[in-house]
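Chemist: sequence below, structure please.
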Amino acid sequence: MVRHYWQRSPVVAPTGEIRSEIEETIRRIKTFSENVHSGKISAEDRRRFKHPLHIGIGGSALGPQFVSAALGSPDDPMDIFFFDNTDPEGFDRVFERIGEGLPQTLVIVVSKSGGTKEIRMEWLRRKRSSPRTDFDLPGTPSP
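Modeler: Residues are numbered from 1 along each chain as shown. Next up is the predicted model:
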């Protein structure tokens, strides 16, 4: 089933169960975003996040890049960065742009299938190297 149509308007979902699942997911995303912007969810040093780093390949990066470019402005509270391939030199360029703000960078890993090897390996590497335990959301694949 193609769910992205229902995500735009959950009332057209074919069952109440699917509608509720979509509405709950949207609520959780909004709550997470509000908690990041308010500082309730913060970096390891308890400071507010300054930058999201979006890690995704293909459609998992192209849509967010388009929305960021189309709707972003200099007044946005955070500067977003993207890893959209496996090029180490590209990673270095992004890290240079983030600079001293790396400790206040929120890493967001996106994979529609959960099976994109490059994304999964980066997620696992970050998860293993961090003392934080809040890497998972319910319904996401576990290592």
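Chemist: the longest helix seen in the chain: what's the following helix or strand?
Modeler: Determined from DSSP state H, the single longest helix within the chain is helix 16-38. For helix 16-38, the following helix or strand on the C-terminal side (DSSP states H and E) is strand 51-55.
Chemist: by mean pLDDT, which helix or strand of the chain comes out lowest?
Modeler: When each helix and strand of the chain is scored by mean pLDDT, DSSP states H and E, helix 117-129 comes last, with a mean of 63.
Chemist: re the thing from before, elements contacting the longest helix of the chain?
Modeler: Using 3 or more CB pairs under 8 Å, 6 or more residues apart in numbering; DSSP states H and E, the elements in contact with helix 16-38 are helix 4-8. Just so you know, the C-beta spots here come from the backbone N, C-alpha and C atoms, and that holds for glycine as well.
Chemist: how about residues contacting the helix it packs on?
Modeler: 12, 13, 14, 18, 19, 22, 26 (CB atoms under 8 Å, 6 or more residues apart in numbering).
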